[in-house]
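Asks: Using only what follows, build the 3D model:
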Amino acid sequence: MDKSPKGNVILKIGQYADRVETAIASVAFVFMCIFVLTTVVYRYVLHEPILWSEEASRYLMITGIFIAMPVAVRDHVHLGVDLFINMLPKSLQKAAHIFSDVITLVAYLAIDYACYLFVAKTMNGNQSSPAMHIPMIVIYSVIFIGFILATVAQISNMVAEYTGIQSWDGEERVEQ
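Replies: Here you go, the predicted structure:
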């Protein structure tokens with residue numbers, strides 16, 4: 001592992017963010033499952049549907065997915081086609097990884113900008129969810145925050161990879 005303070009700080013921040021994001025996503029998914037199970041029992045067993053629980057489940061699923069997205073980026077488990085990169089000679093694999101990282105970062109930045117515009121436009125309105133009357137800006141902001149965190153995770157991965165703190169596959173480099 002890189003003993004430099006810079007390397008340790010980047011890895012520590014990533015590990016802390018990982019734990020926080022995983023905890024938030026896990027809690028969201030647990031409550032989503034509880035609400036879905038409760039909805040099924042109330043609707044089909046007790047014949048008394050709970051109107052707000054479907055909406056709550058949907059918003060918890062959105063929260064879980066978009067808050068867990070940076071964890072996937074940080075762990076390098078987001079979508080990718082390694083088959084073609086692995087078929088390249090070793091000298092071109094590094095260039096392909098760099099190209100892939102840059103394209104991914106540009107895509108995240110474009111999505112961040114589009115989300116920002118959407119959230120900014122939505123702030124002027126007063127739309128709320130039908131059953132729970134939650135301001136929709138809250139839900140839209142969760143999506144925006146998820147993409148911002150994914151962008152930060154991508155930048156963090158790139159800094160770690162290009163400064164030698166981590167290898168291309170996300171493993172910490174060990175000094176020998």
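
Asks: so what secondary structure elements neighbour whichever helix in the chain runs longest?
Replies: Selection of the longest helix in the chain by residue count, based on DSSP state H, yields helix 5-40. Applying 3 or more CB pairs under 8 Å, 6 or more residues apart in numbering; DSSP states H and E, one finds that helix 5-40 makes contact with helix 51-74, helix 136-162. All C-beta atoms are positioned from the backbone trio N, CA, C, and that covers glycine.

Asks: State the mean pLDDT of the first one.
Replies: For helix 51-74, mean pLDDT is 94.

Asks: Same question for the longest one.
Replies: Taken as a whole, helix 136-162 has an average pLDDT of 92.

Asks: Same check on stretch 12-19?
Replies: Stretch 12-19 comes out at a mean pLDDT of 85.

Asks: Please list the residues outside it that contact it.
Replies: Stretch 12-19 is contacted by residues P70, V71, R74, D75, L149, V152, A153, S156, A160 when judged by CB atoms under 8 Å, 6 or more residues apart in numbering.

Asks: What's the separation between the residue nearest to the second one when sequence neighbours are not counted and H97?
Replies: Computed as CB to CB, 6 or more residues apart in numbering, the closest residue to V71 that is not its neighbour in sequence is E21, at 5.2 Å. Here E21 is placed at a distance of 24 Å from H97 (CB to CB, to the nearest Å).

Asks: quick one on the thing from earlier: the residue nearest to V71 - how many residues pack around it?
Replies: Neighbours of E21 under the rule other CB atoms under 10 Å: 22.

Asks: isn't it right up against A68?
Replies: Yes. The criterion here is CB atoms under 8 Å, and E21 meets it with A68 at 6.4 Å.
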